[in-house]
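Colleague: Curious how this folds, go ahead:
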Amino acid sequence: MATSQRRTTLPKKTFWRTRMDTFSLQMMVLSGVVRRAEHNPPSCADRAQWVPLEHSPCPVPNQQPASEQGWLSRFFLLIRKPRASQTSRPTQALSRVLPIALAGCVLCPFTADAVRIKDIGAIEGVRENQLIGYGLVVGLDRTGDQVIGGQFTIQAMMSMLNKMGVNLVIDPIQLLTRNIASVMVTAKLPPFSKPGMTLDAVVSSMANAKSLQGGTLLLTPLKAANQQVFAVAQGPVSIGGFLGGSGGPGGATVTKNHQVAGFVPGGAIIERELLVNIDAWETVSVLLRQPDFTTAIRTAEAIEGAYGKGSAMAVNSGSVKATIPSDYLGRVVEYIASIEGLDVAVDAAAKIVVNERTGTVVLGEHVRISTCAISHGNLTISVKNTLNVSQPPAPVVGSTAGQTVVTPDVQTEVKEQESRLIVVDQTVTLGDVVRALNAVGVTPRDLVAILSALQSSGALQAKLEVM
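Modeller: Reported below is the predicted structural model:
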């Protein structure tokens, strides 16, 4: 027997009102403003302990007026009041959405331009160390160092052969091989590295080699500044390009990318550990990459907000010193990881960086311009040299023959662009600065001269840094 069920649906207006009210109640429960009765039951006058609501002999007190309850409860009660029929729908919707929006702003605040501490600073004592060494690259196809200009390459090869038991008593000039090149090998030793780990080594030619294509780096010790060997490098050199063609007189060559520098992926093996006893630390210092007093204070306040007052202090504009809590003694790694994830609102001084070679201009967020008048014009001088050939007519029999001569015709033209005086009002935001500079109508290279003049006049409220 088939049975039919009738699906009941709520009116659209009632459905959305019920959904919004349920969402508001959920927010109040999550924020702790509204709790269930068994979590906060009423108290009895003749008892000194809390009892569940269903077993309580005391009557439940009447609901307090909205004026005596919390601000979120008052909002909830206001939206539950009966509304007059004359109230418009936009007003009703606003009254339902406004309490939720205000509650979200208070319960979930957002910090403008907040970044993690690990992105703006580094931990003192945790850093990379530079390694360097001298080596030889062999196996080149006559693209290595020449005898003239690469004498030390031949001496290094003879010294290496003598150490390997091959004693050479010939003149170094007699070694005309071009299959070897002298190179400098560099690498970076990361912190907390262990013996056996591998590093990438960078290989760069020292003499007049044409290309390191197809070469192999021989065993090269890599030393630190204290002249101690921390790694050794060896392996095939990758240059990411090629050199083709015969070259020479009448020949052609094809070159892709830089030929006299490359790297050996994973070619350096760590042989010695650089000890850092991090578990014995009692304090941690955060070094800011861009020193700033305001950022340093905010960093210290962020750490204090997480671990209590007095747990951190700003030593100067580039360093913040934090004391490791007693709960994290012996667990310094966990403490550093926790403070690196804290958010800080970064502040920076107003600065303009100019690269005059490329015409690049970068303006910071806080750059401002005072009220001033700007006039900029271009002066162009062009010199055009045209060579004219003077060809005399054919000589007549018995007369002197003429000579063909070349006469230069030099034309100089001077053009000065008409300029107008533009008044630039005081700017408040970076967008105002950009619009004011665009109104002058200059190229990036001309903008360098304008910014320099603005700084000299005192109208530019920023630091101008020319690269």
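Colleague: need the helices for the stretch 51-200 of the chain, in chain order.
Modeller: 71-80, 89-107, 117-120, 151-163 (DSSP state H, counting those that start in this stretch).
Colleague: Compare the mean pLDDT across those helices and name the weakest.
Modeller: Per-stretch mean pLDDT for the helices of the stretch 51-200 of the chain is lowest at helix 71-80 (a mean of 45).
Colleague: got the contact list for the spatially closest residue to residue 130 that is not a sequence neighbour?
Modeller: Nearest residue to residue 130, sequence neighbours excluded (C-beta to C-beta, 6 or more residues apart in numbering): residue 188, at 6.3 Å. No exception for glycine: its C-beta is placed from N, CA and C like everyone else's. By C-beta atoms under 8 Å, 6 or more residues apart in numbering, the contact set of residue 188 is 128, 129, 130, 131, 199.
Colleague: What subset of those residues is buried?
Modeller: 131, 199 (16 or more other C-beta atoms under 10 Å).
Colleague: quick one: which of the contacts of residue 188 sit in strands?
Modeller: 129, 130, 131, 199 (DSSP state E).
Colleague: so which of these comes closest to residue 327?
Modeller: Comparing these against residue 327 with C-beta to C-beta places residue 129 closest, at 32.0 Å.
Colleague: What distance do you get for that closest one to residue 150?
Modeller: 31 Å (C-beta to C-beta, to the nearest Å).
Colleague: Could you do residue 359 as well?
Modeller: For residue 359, the distance to residue 150 - C-beta to C-beta - is 39 Å.
Colleague: Next one, pLDDT for the residue nearest to residue 318 when sequence neighbours are not counted please.
Modeller: Closest residue to residue 318 apart from its sequence neighbours, by C-beta to C-beta, 6+ apart: residue 291 at 3.4 Å. Looking at residue 291, its pLDDT reads 93.
Colleague: So what are the structural domains in this protein, by residue number?
Modeller: As recorded under automatic domain parsing, the domains making up the chain are 16-33+41-107, 129-243+254-270, 278-345, 351-389+408-466.
Colleague: among those domains, which gets the worst mean confidence?
Modeller: Looking at the domains of the chain, the bottom one is domain 16-33+41-107 with a mean of 50.
Colleague: out of residue 359 and residue 150, which sits in the more crowded spot?
Modeller: residue 150 (21 against 13; other C-beta atoms under 10 Å).
Colleague: Now do the contacts for the more buried one.
Modeller: Contacts of residue 150 by C-beta under 8 Å, 6+ apart are 144, 181, 182, 207, 208, 209.
Colleague: The fourth one touches residue 143, doesn't it?
Modeller: What it means is residue 207. No. Residue 207 is not in contact with residue 143 according to C-beta atoms under 8 Å; the separation is 11.8 Å.
Colleague: Need the overlap of contacts for the two.
Modeller: Common neighbours of residue 207 and residue 143 (C-beta under 8 Å, 6+ apart) are residue 181.
Colleague: So those two - more neighbours on which side?
Modeller: Taking other C-beta under 10 Å, residue 207 and residue 143 do not tie; residue 143 has more neighbours (19 against 16).
Colleague: pretty sure the more buried one contacts residue 213?
Modeller: Yes. Counting by C-beta under 8 Å, residue 143 touches residue 213, with 6.8 Å between them.
Colleague: which residues are in contact with both of these two?
Modeller: 243, 259.
Colleague: in the stretch 151-300 of the chain, which spans are strands?
Modeller: Here the stretch 151-300 of the chain has its strands, by DSSP state E, counting those that start in this stretch, at 180-189, 198-205, 216-223, 229-236, 242-245, 253-256, 261-270, 283-288.
Colleague: out of these, nearest to residue 457?
Modeller: strand 283-288 (32.7 Å).
Colleague: now for the closest one, which elements pack on it?
Modeller: Packing partners of strand 283-288 (3 or more C-beta pairs under 8 Å, 6 or more residues apart in numbering; DSSP states H and E): strand 121-123, helix 293-307, strand 319-323, helix 332-340.
Colleague: need these in a markdown table with mean neighbour count and distance to residue 459, can you?
Modeller: Converted to a markdown table, these look like this (neighbours: other C-beta atoms under 10 Å; distance: least, C-beta to C-beta, whole Å):
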| stretch | mean neighbour count | distance to residue 459 |
| --- | --- | --- |
| strand 121-123 | 19 | 34 |
| helix 293-307 | 19 | 25 |
| strand 319-323 | 20 | 35 |
| helix 332-340 | 16 | 41 |
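Colleague: Lovely, talk soon.
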